[in-house]
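Enquirer: This is a predicted model, with the sequence first.
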Amino acid sequence: MPVKEPAEVAIEGEVQRITFENRENGFRVVKVLVPGRRDALTMVGVFPQVAVGARVRARGQIEVDRNHGEQLRATSVTELAPTTLAGIEKYLGSGLIKGIGEVTAQRIVEKFGLDTLKVLDEEPHRLREVNGLGRTRADSLVAAWQEQRAIRDVMIFLQSHGASPMLATRVFKRYGPKAVTIISGNPYRLAIDVWGVGFRTADRIASSMGIGRDSLERMQAALLQALRDATDNGHCFAVAEDLTGRAARLLATDNHEAEIPNPEIVARLDEALAAVVRSGYVIAERPGTLDRVRADELRGAAIYDVAMHEAEVRLSTRLGSLARVEKDDLRGFAEAVAAFEKESGTVLAEEQRLAVEKAARCPLLVVTGGPGVGKTTIVKAILSVFDRAKVVTRLAAPTGRAAKRMSEATGRDAATLHRLLEFEPKKSAFKRDAKNPLDAGAIIVDESSMVDVWMADALTQAIPEGARLVLVGDVDQLPSVGPGSFLRDAIDSGVVPCVRLVKIFRQAEKSLIVQNAHRINAGEPPVIPEAGDTSSDFFVVEKREAEEARRVILELVTNRIPRRFGLDPVRDIQVLTPMNRGPAGTLILNEELQAALNPIGPSITRGKTRFRLGDKVMQLRNDYDRNVWNGDVGIVASVDEEEDSLVVRFADGGSSAEIREVPYDGASLDELALAYASTIHKSQGSEYPAVVIPFLTTHFVMLSKNLLYTAVTRGKRLVVLVADPRALRIALSPKDGEGEASADRGRATKLAARLRAVTCGDGVGE
């Protein structure tokens with residue numbers, strides 16, 4: 001006979017005690033006093049946070065646990081208002097509402113009695129009548145009460161549609177009290193607006209809400225998600241056919257559908273794309289031109305997000321205006337160069353002198369070149385020339401680490417671009433813009449290859465009329481993490497003055513790191529030092545199997561490199577790998593390096609990651625509210641195991657930046673990752689005393705010349721390549737460019753074309 005499923009039951013009662021609570025996944029164990037039962041009933045399951053003293057209505061199945069006895073496995077839990085004075089007082093004083101403890105709860109209930117919750121909901125201003133509560137504190141308590149009620153409404157709504165408690169917290173942070181209204185109107189907005197939510201999560205919620213699988217809303221949402229995915233992969237636009245193909249794969253319900261999109265679905269997506277173009281959500285341009293195209297002529301069209309299109313147009317217009325301006329040489333240029341050479345004991349090479357001369361003459365200049373070619377010397381020489389001409393100059397770089405290195409090299413303060421432009425988290429905007437430009441006559445930006453279209457647009461809008469902009473960077477490194485190929489497009493346009501440095505200076509020639517970086521960039525294999533050469537700064541350890549490579553990396557980081565070179569394994573040595581996943585990816589490498597370097601101490605767990613006191617960690621996304629940025633690396637300075645929170649100390653800003661201690665708890669922990677090993681992409685703009693680089697055939701989809709080049713140029717004193725010779729041949733072969741890590745020449749962008757158009761007076765596709 002088939003086993004009969006337990007019947008579903010419903011109970012109502014008062015929460016007596018919170019026995020267990022996992023804030024990460026919402027699993028809770030609580031004791032509930034149910035009328036008619038002698039002992040409290042244990043209720044277990046994933047449900048919204050409840051407070052001691054709250055009345056709840058729950059549905060689920062009664063089961064008998066071998067160790068814990070009878071309990072209710074809850075499938076839904078709804079909070080009801082407490083009905084007794086004791087219950088209301090216990091509920092308010094439970095700690096659920098920030099700022100209301102037991103004493104304050106007692107005063108409030110003494111004042112309003114059984115009407116307390118009604119007063120809080122409908123006449124919150126009356127809290128000022130409570131003895132001991134001033135106006136300011138009363139207002140803050142009201143705000144806390146309203147926020148908690150709003151969060152609860154969102155959590156109940158979302159969980160009724162299969163979402164997790166952590167998602168509800170993120171949704172409330174993004175939308176506030178209007179969350180339920182917004183999601184009810186269009187659940188697919190979650191995929192676009194809320195970090196960490198993809199199309200499939202939004203699609204499940206939409207399906208639960210009754211939105212059909214063949215609905216136009218779903219088709220349009222898939223197209224917009226596919227366009228956002230293309231932007232996340234560095235493209236400024238997507239070709240129409242590629243966009244519908246990506247969207248069809250998102251809409252697929254199984255692998256077969258993903259591999260062979262249904263022709264009917266593709267046809268529906270074509271119709272949906274035309275509707276999206278007509279609605280103005282996206283902009284379509286004719287193939288190979290900057291002309292707009294109608295919704296019924298989309299074959300081969302470039303499809304842009306509106307904001308991205310506006311940014312690319314603005315950027316090309318401003319760069320074009322800077323490139324067109326002709327200036328006389330700065331007064332005293334020759335004397336300034338001679339004085340710099342005398343004071344620094346440096347004789348500028350011909351191409352270096354040319355770069356300094358152009359900086360003195362041109363309002364816009366790009367200086368590019370690989371390691372050892374004297375970019376830092378040029379920056380110092382340009383600074384000297386500007387100083388003697390009394391030109392106020394600001395220095396900046398995209399990341400804190402890059403700004404710090406620029407400060408150390410020049411002896412001058414260098415800011416991150418966010419700090420230079422005075423970012424305002426509350427407004428998610430920069431104070432410095434076209435209406436409030438920077439107070440400077442010149443701006444020099446280092447590591448410009450890392451600057452994406454969004455940041456380049458913000459920067460150039462803030463350049464005051466008559467000021468100079470000098471962009472310094474290595475165009476052969478990996479492109480920016482964000483969309484576009486700003487530096488390469490500026491060079492390829494042919495309208496921006498550019499000096500490419502190629503001469504390697506004598507001191508740098510002694511370094512195998514420098515020599516091999518240039519060899520790799522030229523598609524040639526690195527030179528391997530002779531056996532027994534302990535003075536080299538570049539080594540290759542040949543390994544074909546990922547497991548063996550991982551064992552060698554562990555030995556190198558924890559033992560051999562610290563012993564021979566006197567380097568700290570956590571602070572000074574960085575493992576850089578092409579991928580996050582796989583047998584030699586960041587996930588498994590971080591797990592093993594943490595176990596070897598920091599095995600014990602207070603810790604908290606987030607998902608599959610354990611964060612321990614003293615761990616090296618990395619911020620994974622820009623968090624404007626907390627002033628931490630994608631790629632920032634810090635050390636876990638404190639851990640609170642009871643509160644499931646930690647504090648990270650970041651100390652990688654410019655010369656005037658102070659150490660920042662940033663707290664993490666709840667959803668913000670999703671923004672952290674262990675950083676003993678990092679992807680090569682995340683290392684851009686950073687420099688480390690020593691880098692260890694696994695480069696294996698298991699990384700096949702990512703193997704490329706500029707990926708390897710970028711990794712090698714991150715090492716300052718030592719580079720150890722743990723490599724499969726076959727992987728090196730793949731990366732250095734002429735077929736480079738097929739993987740996701742290919743050079744930014746493969747990025748979909750029209751900035752170079754717009755720059756040429758604006759300087760020729762042909763318009764920029766507005």
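Expert: Nice, I can see it.
Enquirer: Helices of the stretch 101-250 of the chain, residue ranges please.
Expert: 102-112, 116-122, 135-159, 165-175, 179-185, 189-193, 199-208, 216-232, 240-251 (DSSP state H, counting those that start in this stretch).
Enquirer: I misspoke; the intended subject was the stretch 401-550 of the chain.
Expert: 417-420, 453-461, 486-492, 506-509, 512-521, 546-555.
Enquirer: In contact with residue 443: list those residues for me.
Expert: By C-beta atoms under 8 Å, 6 or more residues apart in numbering, residue 443 lies in contact with 393-396, 420, 459, 463, 467-470. Bear in mind the C-beta positions are built from the backbone N, C-alpha and C, glycine included.
Enquirer: One more pass at 6 Å, please.
Expert: Taking C-beta atoms under 6 Å, 6 or more residues apart in numbering, we find residue 443 in contact with 394, 469.
Enquirer: and it, what are its bridge partners?
Expert: Beta-bridge pairing for residue 443 (DSSP bridges): residue 394, residue 469.
Enquirer: roughly how far is stretch 230-244 from the heart of the chain?
Expert: Distance of stretch 230-244 from the chain centroid (C-alpha atoms, centre = their mean, to the nearest Å) equals 19 Å.
Enquirer: Just the buried positions in stretch 510-528, please.
Expert: Using 16 or more other C-beta atoms under 10 Å as the test for burial, stretch 510-528 gives 511-521, 526.
Enquirer: now swap in stretch 557-565 and tell me
Expert: Buried residues in stretch 557-565, defined by neighbour count with 16+ other C-beta under 10 Å: 557-558, 561-562.
Enquirer: Which single one of those is nearest to residue 660?
Expert: residue 557 (26.6 Å; C-beta to C-beta).
Enquirer: and the closest one, that one's in a helix?
Expert: Yes - counting by DSSP: H, G, I helix; E, B strand; the rest coil, residue 557 falls inside a helix.
Enquirer: residues touching it, list them.
Expert: 569, 573.
Enquirer: With residue 242 as the reference, measure out to it.
Expert: The gap separating residue 557 from residue 242 is 41 Å, by C-beta to C-beta, to the nearest Å.
Enquirer: and stretch 587-604, average pLDDT?
Expert: Across stretch 587-604, pLDDT averages out at 94.
Enquirer: Centre of the chain to the helix or strand harbouring residue 61, how far?
Expert: Assigning secondary structure by DSSP states H and E places residue 61 in strand 55-65. Distance of strand 55-65 from the chain centroid (C-alpha atoms, centre = their mean) equals 41 Å.
Enquirer: Past it, which element shows up next along the chain?
Expert: Counting by DSSP H and E, the next helix or strand C-terminal to strand 55-65 is strand 69-80.
Enquirer: In the sheet, which strands lie alongside that following strand, parallel or antiparallel?
Expert: Checking strand 69-80 against DSSP bridges gives partners strand 41-46 (parallel), strand 55-65 (antiparallel).
Enquirer: most packed of those strands?
Expert: Among the strands paired with strand 69-80, strand 41-46 has the highest mean neighbour count (mean count of other C-beta atoms under 10 Å), at a mean of 19.
Enquirer: what is the orientation angle of that strand with helix 165-175?
Expert: Angle of strand 41-46 versus helix 165-175, following axes from the mean of the first three to the mean of the last three C-alpha atoms, to 10 degrees, is 60 degrees.
Enquirer: neighbouring contacts of strand 41-46?
Expert: Residues outside strand 41-46 that contact it (C-beta under 6 Å, 6+ apart) are 26-27, 29-30, 32, 34, 58, 71-74.
Enquirer: cool, and stretch 496-509?
Expert: Outside stretch 496-509, the residues that touch it by C-beta under 6 Å, 6+ apart are 323, 349, 351, 354-355, 358, 362, 364-369, 372-374, 490-491, 514.
Enquirer: Next step: these restricted to strands.
Expert: By the criterion of DSSP state E, membership of the contacts of stretch 496-509 in strands covers 364-369.
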